[in-house]
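A.B. asks: Whatever this is, show me its structure:
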Amino acid sequence: MSSDACAGVFVGLDWAVYVHAVCVIDTAGKVLDRFEIAHDREGLTELVRRLSRFGSRLRIAIERPSGLIVDALVEAGHQVFPIRPNAVKASRPRYRSHGAKSDASDAYLLADLLRTDGHRWSALSPQSDAIRALRALVRARDDLIGARVALGNQLLATLQSFWPGAACVFADITSPIGLAFLKRFPSPAAAARLTEARMARFCCVTHYSGRRSPAELLTRLHSAAPGRTPVQTQDALAQVVRSLVAVLTPLVNQITELTRRIERFIESLPDGQIIMSFPRAGHVCAAQILAELGDVRERFPTLDRLAAEAGAVPVTYQSGKSKSVAFRWACNHRLRQAITCLADNSRHANAWARSLYTAARARGCDHPHAIRILARAWLRVIWRAWMDRKPYDPELHLGALKLASAQGG
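C.D. replies: Sure, this is the predicted structure:
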């Protein structure tokens, strides 16, 4: 089949961990080919070879926007259309009422959705290698922080069960100084002979910042509620503390190393300089925004599309005389978290942001709602700067606000 026939061919690929189901149909929904390929070198080569029989630029629907198989299809010249899993799930009743599910049927469903509703989706626009590298670093750091928080909560719960004082000596038990203290003193018995002089030596060896004196640190340790755990149980829990500290220590070090790498990387990107120019954006927050925003301007031709992707606008439900506005759950959660982080930080350094936030709180909005309102306002400025490829200019922003206010009046 020649490449001229590509317009009449639709492909659905149901992604799995080890084996992927593929279905090829024509404009009438007739199955032209159906097969499975393994997720390995030979399988990806076979996938590209078999699809080449139907043309060199096919339209392919898949439930994920990234991964090795997506890269292979894009590199082969095909158009890849990522379809959200919730859209696929909502469409299943159109094809069957019994509720059964299989990889082969989902592959056909994806191909047929592309055939009938393809105008609703946009083909994947590959990001540059720099953005893909930045995204890998940022997402890995975010995931490691999630693991650190989970392990830190487990460590905190363990300490509160038999030695609450150790949990409040330092502000963060997962900080290097907090972990060093627990490694040296994992139980009340290990810290029984801890004096002010020994605490001072410990702080010196571990390069403690000195915000609290050794006497204050000891007061925190001894003023907490005493534990009532038997000695044998204390020994067991002390071993749990040692194990958690042994896991957390390299994890915290790797997060620090990734943070340094991200800070150097974002400074080298032109779009990184644009995002970092916003008030209190910093390096990591700017990198989180740019990693999800990308450098393909065609992805967000309008501000509304970017706002919806970032979850900064609500969803309206209307039926007859009934109308309600609800929180937007379906969005890029990483982008929303990064945008709201910037918005929250900016109100401490920017008068316009502070006044917008204060006005929202005065109207009765709680803190998260007010931050989302501020994030939506910042998105307008970020989108414009990103599209124009120009850093944020506070004077230009203020002038635009005055002009809009004058025109509105």
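
A.B. asks: Check the gap between residue 106 and residue 16 for me.
C.D. replies: Between residue 106 and residue 16 the computed distance is 10 Å (C-beta to C-beta, to the nearest Å). For glycine as for every other residue, the C-beta is placed from the backbone atoms N, C-alpha and C.

A.B. asks: can you give me the strands for this structure?
C.D. replies: Listed in chain order, the strands of the chain (DSSP state E) span 9-14, 19-26, 31-38, 59-62, 79-82, 315-319, 322-326.

A.B. asks: what about the chain, any weak spots by pLDDT?
C.D. replies: In the predicted model of the chain, residues 1-6, 97-100, 408-409 satisfy pLDDT under 70.

A.B. asks: My guess is residue 331 contacts residue 311. True?
C.D. replies: Yes: counting by C-beta atoms under 8 Å, residue 331 touches residue 311, with 3.2 Å between them.

A.B. asks: Of residue 106 and residue 16, which one has the most company?
C.D. replies: Per other C-beta atoms under 10 Å, whichever of residue 106 and residue 16 has more neighbours is residue 106, with 23 against 12.

A.B. asks: ok, now which ones touch that one?
C.D. replies: 12, 14, 21, 88 (C-beta atoms under 8 Å, 6 or more residues apart in numbering).

A.B. asks: what do you get for residue 234?
C.D. replies: Contacts of residue 234 by C-beta under 8 Å, 6+ apart are 162-163, 187-189, 227.

A.B. asks: circling back: which among the strands of the chain is found nearest to residue 220?
C.D. replies: Using C-beta to C-beta as the measure, strand 322-326 is the one of the strands of the chain that comes nearest residue 220, at 44.3 Å.

A.B. asks: I'd like to check what contacts the closest one. Which residues are they?
C.D. replies: Residues from elsewhere that reach strand 322-326, judged by C-beta under 8 Å, 6+ apart: 314-318.

A.B. asks: ok, back up a step: among the strands of the chain, which is the most enclosed?
C.D. replies: strand 9-14 (a mean of 26; mean count of other C-beta atoms under 10 Å).

A.B. asks: Run the angle between that one and strand 19-26 for me.
C.D. replies: Strand 9-14 and strand 19-26 meet at an angle of 160 degrees, taking axes from the mean of the first three to the mean of the last three C-alpha atoms, to 10 degrees as the criterion.

A.B. asks: Mind giving me the packing neighbours of strand 9-14?
C.D. replies: strand 19-26, strand 59-62, helix 103-117 (3 or more C-beta pairs under 8 Å, 6 or more residues apart in numbering; DSSP states H and E).

A.B. asks: Surely residue 155 is in contact with residue 248?
C.D. replies: Yes: at 6.9 Å, residue 155 and residue 248 qualify as touching, with contact defined as C-beta under 8 Å.

A.B. asks: intersection of neighbour lists for these two?
C.D. replies: In contact with both residue 155 and residue 248: residue 174, using C-beta under 8 Å, 6+ apart.

A.B. asks: Just confirm residue 19 contacts residue 40, I think it does.
C.D. replies: No: contact between residue 19 and residue 40 fails when scored by C-beta under 8 Å: they sit 9.9 Å apart.

A.B. asks: among the contacts of strand 322-326, which two are most distant?
C.D. replies: Taking every pair in the contacts of strand 322-326 and measuring C-beta to C-beta, the maximum separation is 12.5 Å, between 314 and 318.

A.B. asks: buried set for stretch 349-363?
C.D. replies: Along stretch 349-363, these residues count as buried under the neighbour rule (16 or more other C-beta atoms under 10 Å): 350, 352-353, 356-357, 360.

A.B. asks: One more: stretch 288-306?
C.D. replies: Buried-residue list, stretch 288-306, by 16+ other C-beta under 10 Å: 288-295, 300, 303, 306.

A.B. asks: Pop the domain breakdown of this structure in here.
C.D. replies: When the chain is parsed into structural domains using automatic domain parsing, the resulting residue ranges are 3-120, 131-265, 276-408.

A.B. asks: Could you check how far the second one is from the centre of its chain?
C.D. replies: Put plainly, it is domain 131-265. Offset of domain 131-265 from its chain centre (C-alpha atoms, centre = their mean, to the nearest Å): 26 Å.

A.B. asks: Over to the shortest one?
C.D. replies: Domain 3-120 has its C-alpha centroid displaced from the chain centroid by 26 Å (C-alpha atoms, centre = their mean).

A.B. asks: which residues of the stretch 251-400 of the chain fall in helices?
C.D. replies: For the stretch 251-400 of the chain, the helices defined by DSSP state H, counting those that start in this stretch occupy 270-276, 284-293, 303-309, 333-346, 351-362, 367-388, 394-408.

A.B. asks: and the last one with helix 351-362, angle?
C.D. replies: Right, helix 394-408. Helix 394-408 and helix 351-362 meet at an angle of 50 degrees, taking the same axes, to 10 degrees as the criterion.

A.B. asks: Could you figure out how far helix 394-408 is turned away from helix 367-388?
C.D. replies: Between the direction of helix 394-408 and that of helix 367-388, the angle (the same axes, to 10 degrees) works out to 100 degrees.
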